[in-house]
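A.B. asks: give me a 3D structure for the following:
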Amino acid sequence: MVSLSTIVAVDPFTAENGGTEIVPGSHRWDDARIGRPFDVFATGPDVQSAEAALARQAVPVLLSAGGCVVFAGTLLHRGGRNRTDRPRCAFSHQYCQPWGRQQENFTLGVPADVARQMPGRLQELLGYSIHPPFMGQVTASHPRKVLAPDYVAPVVAQARAAGARLPE
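C.D. replies: Okay, here's the model as predicted:
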């Protein structure tokens, strides 16, 4: 297994307040089945039929406050529709094999000029780190080098040397 997901209920999860819904057994589906009927690129009436198909298969996870659900990261899941006038709070942690890519690409999501100001450990957690011997490297060295104010990616330097006009 490459990833494991957890969702902890801060507030109780009920069918009414939009608690997490899962599609039982979907972690064993192949890529072809995952793509249908949950085609995120569907338009028009296909969107409604995809949503209806998902709704028929989804099962609400009912949790007391403080309860936790643990599942394979490949299990299809979603937040349910909150039909109350109160928010439902939870937090989630995703655990991945250290050689796997992170689920969310924080190195692209957090601007380098912001990451540059963060402590080294936080930079590592954002993805500016190496899993020995070389997983996560950038052009054969440590990814933290891209945070240097004068860093120019080799592909950019080569393109400029070849005459390409690229933004500074």
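A.B. asks: stretch 121-131: end-to-end distance?
C.D. replies: Stretch 121-131 stretches 14 Å from its first residue to its last (CA to CA, to the nearest Å).
A.B. asks: when you give positions from now on, start the count at 12
C.D. replies: Let's use 12 as the start, then, which means that last one is stretch 132-142.
A.B. asks: quick one: buried residues of it?
C.D. replies: 134, 137, 138, 139, 140 (16 or more other CB atoms under 10 Å). In short, each C-beta sits where N, CA and C put it, glycine included.
A.B. asks: ditto for stretch 146-153
C.D. replies: Applying 16+ other CB under 10 Å to stretch 146-153 flags 147, 149 as buried.
A.B. asks: sorry, back to before: specify which member of the buried residues of stretch 132-142 is nearest to residue 78.
C.D. replies: For the buried residues of stretch 132-142, the minimum distance to residue 78 (CB to CB) is 29.8 Å, reached by residue 137.
A.B. asks: which pLDDT value does the model give the closest residue to the closest one other than its chain neighbours?
C.D. replies: Excluding the flanking residues, the one nearest residue 137 by CB to CB, 6 or more residues apart in numbering is residue 117, at 4.2 Å. Residue 117 is assigned a predicted lDDT (pLDDT) of 83.
A.B. asks: residues contacting residue 117?
C.D. replies: Listed by CB atoms under 8 Å, 6 or more residues apart in numbering, the contact set of residue 117 reads 136, 137, 138.
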